[in-house]
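Peer 1: next come a sequence and a model predicted from it.
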Amino acid sequence: MIFERTPAEVLARLDEMREADAPTEGGRLLSYVYDPDIAELQEVAAEAARKTQALNGLDPTTFPSVAAMERDLVALARDVLADGVPDVVGSVTSGGTESCMLAVKSARDTWRAATGRSDRPTLLIGSTAHAAFIKAAHYLDLNLRVLPVDPDTCRLRAEDVAASLDGAVALVVVSTPSYPHGAVDPVAEIAETCAGRGVPVHVDGCIGAWVLPWWPGAEERPAWDLRVPGVESISVDLHKYGYAPKGVSVLLYRDRDRHRRQWFATSAWPGYAVVNPTILGSRSVMPLAAGWTVSQTLGRSGFAELTQQIARATEQVHKAIYSIEGLRVVGDPIGPLLAVAADPEVAPERQVDPHRWADAAKDLGWTLQPQPGRTQSDGTTLPRTTHLTVTPVTEKVSVELCDALAVAADSARGMPGAQAPADFVAAAGQIRMDDLTSENCAAVLAMVGMEPGGGLAGPMSEVLALIEALPEPVAERLLIEFLARFME
């Protein structure tokens, strides 16, 4: 075989491209990656992926190992999240978004079967529910009703859910915890209300359901998983705190009929019978195998030990932020996620804008995740924040990290938060969506320093200020154009 380039040359090119990536090891990236800081786990996951590289998850009857690994992962998730609940079944998916979308599809089809209606049911979520549910409503043609959360605790309120239930609601979503603020919704209270009205509840545990069972004080907290009557499904990602490579998630259901409604099957063509439990047809087995291998290697005791490392690191980071004048942790988060906002109780000249703080931290080599402020439907506001995801490796670097957070706050203290240019915002408010062609969007992006294809000219705080200020449809269209051209 004659290669156009040698494998060594191609891999060298890959190494060269990877130099521009944020570091995925070492604890300096506090979002997107979940580093257990165990080299053996990475090696065994990579070897499992290599061994299953040629397999196709399309047909587990041809490759029975696929079904065997999926059975083990579902069984483990069932033991952790549905202890003592009979008849719980589930599937392994490609990630949290697919798990969420399938839960919504199942609820939609169950609602249609129960009501005999074929119109659009309603998906009821809180304003802090993951964006995957907004995507699910968009793709699956559901009406979306977004409830405000308590602005102090960032939790969905049971009384608001109760007041919003009607015959059109096919599913209510609760978070354990919500990604933006680490707030655990009152699952039992909401589920009790919904069960009395015959409305199912889905628990989005994609980011938290694999740490909360082992989090300090878990035994004293109310149940939040499938043990709660009224909770009909729950999702948990193993490529987060299951420490598997992207992407592998588990979706569990209380009963088989609800589970079967996520499936697709057709014999209405002359080819092989198509029977798919998830959205994908042909699918790589590599993430499944890697996730299976990691879970088999760690076991429940290994996950518990890693969670204790995370809990200790989270406490250290929380204390460090508490000691920084001008910043505060939002709400009372449970788990490894923190959202940090400016402290309104200190004088403006001593406050620290969280987005300026994130920019300053990045200059010191630490990547935090700024989040825009938001006005809710009831007029209350969720402040602009900066998000931190704590992982096992954080404990190793916690002293260095906490020192950097303090230094970054000192450099940003008293700086006014970034604001979008008023004239630009006013003009954007008059834009008709029909005018936002690709070329017009490119011109608008260039005006504010987001040169299409050229990266960001300014700090992230200025980009977030634009997102906060622009009408949502305009901001979303511009973001699509920026990322599409960046990819081009």
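Peer 2: Cool, got the structure.
Peer 1: shaky segments in this protein?
Peer 2: 452-458 (pLDDT under 70).
Peer 1: mind checking the longest helix of it?
Peer 2: helix 286-322 (DSSP state H).
Peer 1: elements contacting that helix?
Peer 2: helix 39-51, helix 64-81, strand 327-329, strand 337-342, helix 392-412 (3 or more Cβ pairs under 8 Å, 6 or more residues apart in numbering; DSSP states H and E). Yep, even glycine has a C-beta here, placed from its N, CA and C like the rest.
Peer 1: adjacent strands (with direction) for the fourth one?
Peer 2: Strand pairing for strand 337-342, determined by DSSP bridges: strand 327-329 (antiparallel), strand 385-389 (antiparallel).
Peer 1: got the domain boundaries for the chain?
Peer 2: For the chain, automatic domain parsing gives the domain ranges 49-294, 300-412, 422-487.
Peer 1: of these, which approaches residue 31 most closely?
Peer 2: domain 300-412 (4.1 Å; Cβ to Cβ).
Peer 1: gap between the two ends of the closest one?
Peer 2: 42 Å (Cα to Cα, to the nearest Å).
Peer 1: residue 44: what's its closest spatial neighbour, skipping adjacent residues?
Peer 2: residue 293 (5.3 Å; Cβ to Cβ, 6 or more residues apart in numbering).
Peer 1: any chance of CSV for the strands paired with strand 337-342, columns distance to residue 218 and mean neighbour count?
Peer 2: Converted to CSV, the strands paired with strand 337-342 look like this (distance: least, Cβ to Cβ, whole Å; neighbours: other Cβ atoms under 10 Å):
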stretch, distance to residue 218, mean neighbour count
strand 327-329, 20, 22
strand 385-389, 19, 25
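Peer 1: and these as a markdown table, adding distance to residue 303?
Peer 2: Shown next, in a markdown table, are the strands paired with strand 337-342 (distance: least, Cβ to Cβ, whole Å):
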| stretch | distance to residue 303 |
| --- | --- |
| strand 327-329 | 25 |
| strand 385-389 | 17 |
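Peer 1: out of the ones you listed, which gets nearest to residue 227?
Peer 2: strand 385-389 (26.5 Å).
Peer 1: tell me the angle that closest one makes with helix 392-412.
Peer 2: Taking axes from the mean of the first three to the mean of the last three Cα atoms, to 10 degrees, one finds strand 385-389 and helix 392-412 inclined to each other by 160 degrees.
Peer 1: for residue 252, find the nearest of the helices and strands packed on helix 286-322.
Peer 2: Residue 252 lies closest to helix 64-81 among those, at 5.9 Å (Cβ to Cβ).
Peer 1: still on that earlier bit, so for the longest helix of the chain, what gets flagged as buried?
Peer 2: Buried residues in helix 286-322, counted by 16 or more other Cβ atoms under 10 Å: 286-295, 298, 302-303, 306-307, 309-314, 316-318, 320-321.
Peer 1: try stretch 248-263
Peer 2: Under 16+ other Cβ under 10 Å, the buried positions of stretch 248-263 are 248, 249, 250, 251, 252, 253, 254, 258, 259, 261, 262.
Peer 1: perfect, I'm done here.
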